[in-house]
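Visitor: Okay, sequence plus prediction incoming.
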Amino acid sequence: MPYIVCAEEMDGQWIAHVPDLPGSFSTHKDRETAIGGMPAAVEAYIAWAGGHGLHISGLSAPMIVSEVIRSWMYEDEYEVNAFFASDRPPVTVDELPEYELLLGAAHKDLLAETQNLTPEQLLTFSAMLLSADLDSITNVVAPGSPGSAGGASVVFLSDSVSGLWADLEDGRIDG
């Protein structure tokens, strides 16, 4: 089955990614170069997964570039990032074991990388983690419907989003 690639431009940098392979991406200042890097990124992802005993199946050439979106300035100092209609849906209960394996593999790699840090680097990293307000890190999906405008894929936000924007004025989502 061909795999879907999405590309997003932000701050002059293009990021191409495969929604079904979290962590498989390619970046470059040139859109075509970022997209062109995806076959190698997919191969590297599959090799990484295989190195952890995980089997990725169902992907084959060709890739299909599903959406290409640029971020834009909505208001002063408010940049709207891409919303992809083909983004991966939320993980289902049946998929949890697979994602636990992926997270376990990433955790193993992170531990291997941090073993070579100097004590000063570990202390700096730990202090950063301890000072982070984890309760303030929030993920919210604004309700809307996919569509197109001016040749670009967009999400038309629903009327209920105005309350979400008002809630964000203090930098936190309260509920």
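Guide: Perfect, thanks for sending it.

Visitor: So which elements touch whatever helix or strand residue 112 lives in?
Guide: Residue 112 belongs to helix 96-114 when assigned by DSSP states H and E. When contacts are defined as 3 or more C-beta pairs under 8 Å, 6 or more residues apart in numbering; DSSP states H and E, helix 96-114 sits against helix 38-51. Quick note: C-beta positions are derived from backbone N, CA and C, even for glycine.

Visitor: After the helix it packs on, which helix or strand is next? Please name it.
Guide: Downstream of helix 38-51, the first helix or strand assigned by DSSP H and E is strand 60-70.

Visitor: So residue 24 sits against residue 43, correct?
Guide: No - between residue 24 and residue 43 there is no contact under C-beta atoms under 8 Å: 9.4 Å.

Visitor: Between those two, which has more neighbouring residues?
Guide: residue 24 (23 against 11; other C-beta atoms under 10 Å).

Visitor: and residue 89, that's in a helix?
Guide: No - counting by DSSP: H, G, I helix; E, B strand; the rest coil, residue 89 is not found in a helix; it is coil.

Visitor: Tell me the confidence at it?
Guide: Residue 89 is assigned a predicted lDDT (pLDDT) of 71.

Visitor: what's the neighbour count on it?
Guide: Residue 89: 8 neighbours (other C-beta under 10 Å).

Visitor: And residue 30, by the same measure?
Guide: 10.

Visitor: what about the nearest residue to it once chain neighbours are set aside, how many neighbours?
Guide: Distances taken as C-beta to C-beta, 6 or more residues apart in numbering put residue 14 closest to residue 30, at 6.8 Å, once the chain neighbours are dropped. Per other C-beta under 10 Å, the neighbour tally for residue 14 reads 21.

Visitor: same deal with residue 25?
Guide: Residue 25 has 20 neighbouring residues, counting by other C-beta under 10 Å.

Visitor: That one reaches residue 13, doesn't it?
Guide: No - using C-beta under 8 Å as the test, residue 25 is too far from residue 13 to be in contact (11.3 Å).

Visitor: circling back to that earlier point, other residues contacting whichever helix or strand comes after the helix holding residue 112?
Guide: As assigned by DSSP H and E, the chain's next helix or strand after helix 96-114 is helix 119-131. Applying C-beta atoms under 8 Å, 6 or more residues apart in numbering, the contact partners of helix 119-131 are 114, 117.
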